[in-house]
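Trainee: I would like to see how this sequence folds:
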Amino acid sequence: MSVEISKVSKNGSALNIEWSDGEKSNFNFLWLRDNCPTAHDKDSRHRMFNILEVSTNIEPKTYKVNDEGKLEIAWSEGNHISLYEQAWLRKNCYTINNNKKYVSPYHLWGSSLQENLKSISIEHDEIINSDEGLIKWLELLHHEGIAIVKNTPIEKESAFPVLNRISHTRETFFKTPFEVINVPKPNNSAYTAHALRNHMDLPWFENPPGYQFLHCLINSTEGGNSSAVDAFAVADYLRKNEKKIFETLVNVPLKFRDKDYTQDAHRSFYGSAISLTKDGDYNDIRFSVATMDALDCHPDLMDKVYKAHHRFGNLLHDDRFQIKFRLEPGDIFSFNNRRILHGRTEFNPNSGHRHLQGYYMDRDEIIGRLNYLKK
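Mentor: Here you go, the predicted model:
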């Protein structure tokens, strides 16, 4: 049965609506006028009506549910009549939607994931050949924040076809793909044989890449094993158990700086280690020991900030939270760069060869593509 309007009444600067299932809505006059169906261009779907051109005192002269079942409003300004579908009003009712309990899309995980890495693995051909496989991959990336694509071709740049099943990649000064290999006089610690602590890439960007894809072409060295940690899970632990540290990490911005000697640009950014969404969910984790700049927060906060950073960093490397694995040729280690921190152990460059190709993609592309495919 469809839910219908059973009563409409005026209340100050809004219309109150009672629905046949007992729910109640409150629709502000300006909101209703701004969202009149005629406000949008039928082709581009962009709003063409300018709410700034009416007064803030606009109100309905008359209102009713008409014979077609639409809410009909004749406005006090502009000699205009608006007609609203009841189903649209109910779907977009901010009164009801704001009363709903928020459910996080994130499935937080810890070291127990180590025992079931198959649960985050998916075959390359499954993604290439079916939308169902693509949806599975996108859901892993969105909900778990991590996935390993198996049995991808190992020729250079052979990850493009599967990545393009999602969308376009994001170009940075590292180029696309960027080569993760041991090189002389490296401009980034990733291009060495050194161990890398768990970190996010490019924290000194205002908007760091949302997702990263590391395509393993060769991995025959001693060492060079990968690690990953769900930093949202670590943040959640602090939120529930060490609130003062959590609040410091949310409220005090840290300074990050690009230290690449080959660049002719100076990039730096202030961002808190943990940022939250409007619903209080986890949005971003910004953490990288290697590229954090000399902090310049208020002297009264410095000791507290360093102790919070110290605690957070150690938990991000605690075996309770992280997983460790070895990338094999044909694997694409794909993850939310602003949630899942990644690292690796030291490797011996004389024992073999290790070559990964890296790609970035904005988070909007993953979530937008998933929403499109599921609808």
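Trainee: any idea how far residue 168 is from residue 133?
Mentor: Counting by Cβ to Cβ, to the nearest Å, the separation of residue 133 from residue 168 is 20 Å. C-beta: built from backbone N, CA, C; applies to glycine.
Trainee: neighbour count winner among those two?
Mentor: Each of residue 133 and residue 168 has its neighbours counted (other Cβ atoms under 10 Å); residue 133 has more, 18 against 11.
Trainee: Can you pull the phi/psi pair for residue 302?
Mentor: phi -60, psi -50 (degrees, to the nearest 10).
Trainee: In which helix or strand does the spatially closest residue to residue 368 that is not a sequence neighbour reside?
Mentor: Once flanking residues are discounted, residue 368 sits nearest to residue 167: 7.7 Å by Cβ to Cβ, 6 or more residues apart in numbering. Assigned by DSSP states H and E, residue 167 belongs to neither a helix nor a strand.
Trainee: Repeat that for the one 4 residues further on.
Mentor: Using DSSP H and E, residue 171 maps to neither a helix nor a strand.
Trainee: what's the neighbour count on it?
Mentor: By other Cβ under 10 Å, the residues close to residue 171 number 10.
Trainee: Neighbouring strands - and their directions - for the worst-scoring helix or strand of the chain on mean pLDDT?
Mentor: Within the chain, confidence by mean pLDDT, DSSP states H and E is lowest for strand 347-348 among all helices and strands, at a mean of 89. Strand pairing for strand 347-348, determined by DSSP bridges: strand 222-223 (antiparallel).
Trainee: ok, and what's touching the partner strand?
Mentor: Residues outside strand 222-223 that contact it (Cβ atoms under 8 Å, 6 or more residues apart in numbering) are 193, 345, 346, 347, 348, 351, 352.
Trainee: check contacts around the nearest residue to the third one once chain neighbours are set aside.
Mentor: Spatial nearest neighbour of residue 346, excluding adjacent residues (Cβ to Cβ, 6+ apart): residue 195 at 4.1 Å. Contacts were defined as Cβ under 8 Å, 6+ apart; by that measure residue 195 touches 343, 344, 345, 346.
Trainee: Equivalent analysis for residue 203, please.
Mentor: Going by Cβ under 8 Å, 6+ apart, residue 203 touches 256, 269, 271, 286, 287, 288, 291, 292.
Trainee: Any regions of the stretch 151-300 of the chain where pLDDT drops low?
Mentor: Scanning the stretch 151-300 of the chain for pLDDT under 70 picks out 183-191.
Trainee: does the closest residue to residue 107 other than its chain neighbours count as helix, strand or coil?
Mentor: Leaving aside its sequence neighbours, residue 107 sits nearest to residue 143 (Cβ to Cβ, 6+ apart; 4.9 Å). Under the three-state scheme (DSSP: H, G, I helix; E, B strand; the rest coil), residue 143 adopts helix.
Trainee: Give me the neighbour count for residue 143.
Mentor: Neighbours of residue 143 under the rule other Cβ under 10 Å: 14.
Trainee: so it makes contact with residue 108?
Mentor: No: applying Cβ atoms under 8 Å as the test, residue 143 and residue 108 come out as separate, 10.0 Å apart.
Trainee: Tell me which strands the helix or strand containing residue 15 pairs with, and in which orientation.
Mentor: Assigned by DSSP H and E, residue 15 belongs to strand 14-19. If you go by DSSP bridges, strand 14-19 pairs up with strand 5-11 (antiparallel), strand 24-28 (antiparallel).
Trainee: ok now do the residue nearest to the spatial centre of the chain, which residues does it touch?
Mentor: Residue closest to the mean C-alpha point of the chain, counted by Cα atoms, centre = their mean, is residue 363 at 4.9 Å. Shown in contact with residue 363 (Cβ under 8 Å, 6+ apart): 210, 211, 336, 338.
Trainee: Just to be careful, could you list which of those residues are in strands?
Mentor: Judged by DSSP state E, strands contain the following of these: 211, 336.
Trainee: Same list (the contacts of residue 363) but as JSON lines, adding distance to residue 236.
Mentor: What follows is the contacts of residue 363, written out as JSON lines (distance: Cβ to Cβ, whole Å):
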{"residue": "210", "distance to residue 236": "20"}
{"residue": "211", "distance to residue 236": "21"}
{"residue": "336", "distance to residue 236": "15"}
{"residue": "338", "distance to residue 236": "15"}
